[in-house]
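# Okay, here's the prediction I keep looking at, along with the sequence it came from:
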Amino acid sequence: MLEHGGRLRQAANRYGIPLSNWLDLSTGINPNGWPVPPVPAEYWQRLPEDDDGLLAAAQAYYQNPSLLAVAGSQAAIQTLPLLRQACRVGVLHPAYAEHAESWRKAGHQLVIVDAANITGQLDDLDVLIVINPNNPTGQRWRRRQLLQWHAQLSVRGGWLIVDEAFMDGTSEHSLSPLPVRPGLIVLRSIGKFFGLAGIRCGFVIAEQELLQYLAEQLGPWPISHPGRYVATQALSDTDWQRHAAAALKQQGQRLGNLLADSGWPPQGGCDLFQWLKTDTAVILHDLLAQQGILTRLFTTPASLRFGLPKDELAWQRLTQALAHPKIKQLLAQAKIGELNSAQLKVIYANEFTPSKKTVVD
C-alpha cells in the first residue's frame, strides 16, 4: 500500500504532539468544505438506488450525460487497468503514484514520460495518464494539447486518461464538458474541492460501452446511500460552489505568496496546494512537524506539498513557523550552499527534540 497525506495519527505518535494540536497541511483538500447537513435516517437504513438524483446532479455539474459514479476516483484508477490486455503505459513523475502502481500490478509495462516531451514519446505508448493539474507539481495542460494526444493514441486503439481531481473551480480547462469519444477517459472527484474525501465518491466520464464494462467490474452499490445523499446535495449547491471557487483561488495565491515571502518560493501549485522543490525538503518537513505542522513529503524529487490553512489562526501559525530561527538558519545555509543535504540532516537531526519521539517506518 502506498502512503498518502493525512497520516496525522502517525505524526502525532512520532513527534509526541497531541492530535488536537496539529495543523494538517498534508492532504491538498479544501479545509472549509461543503457544510454537510444531518443525513435522514432512511439513508442509513436502505440500500442506495440509482435513480436517487445523484446521476442527474453530476451530469449537470460536469456538463456531460455520459458518466458513472464510483467509490472515489481511486476505484476507477485500480479497475481501469483490468480492462486492457498488457500494454505500454506512460506515466509522469512526480505524479499521483496510485496510477502507476495500479497499472504495474495488473501486469502492464510502465514508461516514465518527460513532461516537457510527451509528444515525442507518444508513438511508443498505448495508454497515457495525465493528472491535470498535476499532483504535486501543479502543472496544467491545455485542452488543445490533450485532445491532440488523444487523437494520436485513439487511431491505434489507445487511451488517454485525464485525472481532473484538482480541476474544480477552473472548469475552463476541463475536458469534462466535451463530447465523449473513444479512448478518452476523464476522472473527477468531489473529495478535493468540496472537502468531502470521507464519503468516497467520484465519477468517470467516458463512452457508455466502457462505463458498462467498468460498472460490471465494480459491482452493485459502489457508494453508500448516505454518501450518495451528501454528494447529490453538494453537486447541486451552485451558490456554495461559486463562493468556494473564488475563495480557493485567493487562498492558493496567498499561500504561494507566503512561502515566497518566507524565502521558500514554490515551483508550482494550484488553488488547493503549493509545491516546493528543495534539497532540504526532509529537514524542512521535520522542523515544521516538530512545531505541529504536517506537510506532504516527497523524496524524488525532494519536495514538499503545502495544503491550505483553514482559518486566520492557522495562517498565523504557519507564518510564525516559517519565521522560526532554525528554519531561517536552514534557509540561509541552503542558499549559500554551505552544506549539502546530508550534512544539514545530521546537524538538524536533534533540533526541536520533542519530549516523546518514536520512529515510525
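Sure thing, it's come through. This is a predicted model, so every value here is computed, not measured. Numbers count the residues shown, from 1 in each chain.
# what helix or strand is Gln217 on?
Take DSSP states H and E as the rule and Gln217 turns out to sit in helix 208-218.
# And the next helix or strand past that helix?
helix 225-236.
# Any buried residues in that next one, and which?
Within helix 225-236, the residues that qualify as buried by neighbour count (16 or more other CB atoms under 10 Å) are 225, 227-236. C-beta: built from backbone N, CA, C; applies to glycine.
# thinking again about what came up before, run through the neighbouring helices and strands of the helix holding Gln217.
In terms of contact count using 3 or more CB pairs under 8 Å, 6 or more residues apart in numbering; DSSP states H and E, helix 208-218 is assigned the packing partners strand 67-70, helix 72-79.
# Endpoints of stretch 118-130, how far apart?
Taking CA to CA, to the nearest Å, the span from the opening residue of stretch 118-130 to its closing residue is 10 Å.
# Show me which residues of that stretch are buried.
Using 16+ other CB under 10 Å as the test for burial, stretch 118-130 gives 118, 122, 125-130.
# so where is this structure shaky, pLDDT-wise?
Per-residue confidence for the chain (pLDDT under 70) gives these ranges: 1-6, 336-361.
# what about the helices in it?
Here the chain has its helices, by DSSP state H, at 8-15, 42-45, 54-62, 72-79, 97-105, 118-121, 143-154, 208-218, 225-236, 238-261, 281-289, 312-322, 325-336, 341-348.
# so which of those helices gets nearest Cys87?
Evaluated over the helices of the chain, closeness to Cys87 peaks at helix 97-105, with 8.9 Å, by CB to CB.
# Just the terminal-to-terminal distance for stretch 256-268.
Taking CA to CA as the criterion, the two ends of stretch 256-268 lie 9 Å apart.
# in it, what counts as buried?
For stretch 256-268, using 16+ other CB under 10 Å, the buried residues are 256, 258-259, 262, 264, 266, 268.
# Stretch 322-339 now?
In stretch 322-339, counting by 16+ other CB under 10 Å, buried: 322, 327, 330-331, 333-334.
# Glu207 and Val186 touch, don't they?
No. The pair formed by Glu207 and Val186 falls short of the contact definition of CB atoms under 8 Å, at 11.2 Å.
# which of the two has more neighbours?
Of the pair Glu207 and Val186, Val186 is the one with more neighbours under other CB atoms under 10 Å, namely 26 against 15.
# so what's that one bridging to?
Residues found in beta-bridge contact with Val186 (criterion: DSSP bridges) are Val162, Ile205.
# what residues are up against the residue nearest the centre of the chain?
The centroid of the chain falls nearest to Asn135 when counting by CA atoms, centre = their mean (5.4 Å). Asn135 makes contacts with 28, 95-96, 165-166, 273, 305, as judged by CB atoms under 8 Å, 6 or more residues apart in numbering.
# Can you tell me which of those are buried?
For these, a burial check counting by 16+ other CB under 10 Å picks out 28, 95-96, 165-166, 273, 305.
# quick one: which of those residues is nearest to Ile283?
For Ile283, the closest of those turns out to be Arg305, at 16.0 Å, with distances computed as CB to CB.
# Output the helices and strands packed on helix 208-218 as CSV; include the columns mean neighbour count and distance to Gly157.
As requested, these are exported to CSV (neighbours: other CB atoms under 10 Å; distance: least, CB to CB, whole Å):
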stretch, mean neighbour count, distance to Gly157
strand 67-70, 22, 21
helix 72-79, 22, 19
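# Tabulate these in TSV, adding columns for distance to His243.
Putting the helices and strands packed on helix 208-218 into TSV (distance: least, CB to CB, whole Å) gives the following:
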stretch	distance to His243
strand 67-70	25
helix 72-79	24
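# Out of those, flag the one nearest Asn21.
Each of these was scored for nearness to Asn21 using CB to CB, and the closest is helix 72-79 (29.1 Å).
# which residues are in contact with that closest one?
70, 98-99, 102, 163, 165, 187-189, 191, 197, 200-204, 214, 217-218, 222.
# Just the C-alphas of it, formatted as PDB.
Output for helix 72-79, consisting of C-alpha atoms alone and laid out as PDB, is shown next (Å, rounded to 0.1, in the frame of the first residue of the first chain):
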ATOM      1  CA  GLY A  72     -13.800   7.800  -5.300                       C
ATOM      2  CA  SER A  73     -11.700   8.100  -8.500                       C
ATOM      3  CA  GLN A  74      -9.400   5.700  -6.700                       C
ATOM      4  CA  ALA A  75     -11.800   2.900  -7.600                       C
ATOM      5  CA  ALA A  76     -11.500   3.700 -11.300                       C
ATOM      6  CA  ILE A  77      -7.800   4.000 -11.000                       C
ATOM      7  CA  GLN A  78      -7.500   0.500  -9.700                       C
ATOM      8  CA  THR A  79     -10.000  -1.000 -12.100                       C
END
